[in-house]
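Engineer: Next input, structure requested:
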Amino acid sequence: MINNRKCFILSAIIFLFIGISQPISAQSTDIQKGEASWYGSKYHGRPTSSGEPYNKNEMTAAHKTLPFGTKVKVTNLENNESVIVRINDRGPFVGDRIIDVSEVAARKLEFHDEGIGYVKVEVLELPGDYDAQRAGVFTIQAGTYASMQHAEHLSQKLKAFDKHLEVELKDEIVQGKKVHRIRAGRFENRQQAEAFNDLLKEEGLSGLVKEA
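Structural biologist: Residues are numbered from 1 along each chain as shown. The predicted model follows:
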C-alpha cells in the first residue's frame, strides 16, 4: 500500500511539473498601482513567510511575488506620502490588493485609519543574492543544526531516499551563531513541494516547504 501510494504521489508530481506548472516571475513589473492594506498587533511576533518574525514597528511589507529582501518605494497616491519598505512576507490575498504594509508604514502613509489606500509600488533594489534562475522555486527546509555532524547525517539520509534529489547544505549566521541549514529539492510550485514532502514524512525526513 505504501509503495503504491508513493508511486501515485510521484506520478502526480511529474504531471504537475510537465502539465500545469508555470514558473512565477520575480516581479511582473517594476511599477504597480492598486490597493494597499496593512497588518499590525494581531500578527506581531509571528513568523512571516520568509521565516523572520513580523514586527509591526519595522518598515516591511508583504508582496505576492517579489523576492524576499527587495526594497520598494510605496507612495500613497491620495496625498503623495512615500515610504521605503523591505519585502519579507507573502500577500495580500484579498481581492486585487497589491501590497500589505506594516502598521508603522501605514501610519506614515496616512491610511492607517481607513485600512486601505490607493498606492504606487516601485521596485528600488533587488536583494544581493537574487538569482533569476531560482525565482518562483520552492524547496523543503529539512532541518537546521548547530552540529555539522547531525546536518551531514540528515543530508546523507535525504540522498539515500532519492539519489537524484538536490540537497543543499549551507552555513548561515542566526542570532550571532553559526548554523547548518539543509534544503532539499527544487520544485516549480508549492503543490509539487508539498507532495514530495508527504513522501519524506513517511520516512521521518519531512521539513518545511518554503519559497527558495
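Engineer: Quick check: nearest residue in space to the residue nearest the centre of the chain, chain neighbours excluded?
Structural biologist: With distances taken as CA atoms, centre = their mean, the residue of the chain nearest its centroid is E211 (4.0 Å). Excluding the flanking residues, the one nearest E211 by CB to CB, 6 or more residues apart in numbering is F138, at 5.7 Å. All C-beta spots, glycine's among them, are computed from the backbone N, C-alpha and C.
Engineer: what's the answer for G117, then?
Structural biologist: By the measure of CB to CB, 6+ apart, the closest residue to G117 outside its immediate chain neighbours is F111, 3.2 Å from it.
Engineer: my guess is the residue nearest to the centre of the chain meets T48, correct?
Structural biologist: No - counting by CB atoms under 8 Å, T48 is not a contact partner of E211; they are 11.4 Å apart.
Engineer: what's the overlap in contacts for those two?
Structural biologist: Residues touching both E211 and T48 (CB atoms under 8 Å, 6 or more residues apart in numbering) are R90.
Engineer: So the protein: which segments form each domain?
Structural biologist: For the chain, automatic domain parsing gives the domain ranges 31-125, 132-211.
Engineer: can you tell me which of those the model trusts least?
Structural biologist: Comparing mean pLDDT across those, the lowest value falls on domain 132-211: a mean of 85.
Engineer: Mind naming the longest strand for the protein?
Structural biologist: In the chain, taking DSSP state E as the definition, the longest strand is strand 177-187.
Engineer: helix or strand right after that strand?
Structural biologist: From strand 177-187 onward toward the C-terminus, using DSSP states H and E, the following helix or strand is helix 190-202.
Engineer: which of the residues in that following helix are buried?
Structural biologist: Under the neighbour-count criterion of 16 or more other CB atoms under 10 Å, helix 190-202 has Q191, Q192, A193, E194, A195, F196, N197, L199, L200 buried.
Engineer: Now do that helix and strand 177-187, the angle between them.
Structural biologist: Between helix 190-202 and strand 177-187, the angle formed by their directions is 120 degrees, by axes from the mean of the first three to the mean of the last three CA atoms, to 10 degrees.
Engineer: Would you reformat the buried residues of helix 190-202 as CSV and include distance to G34?
Structural biologist: Written out in CSV, the entries for these read as follows (distance: CB to CB, whole Å):
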residue, distance to G34
Q191, 27
Q192, 29
A193, 29
E194, 29
A195, 33
F196, 34
N197, 33
L199, 39
L200, 38
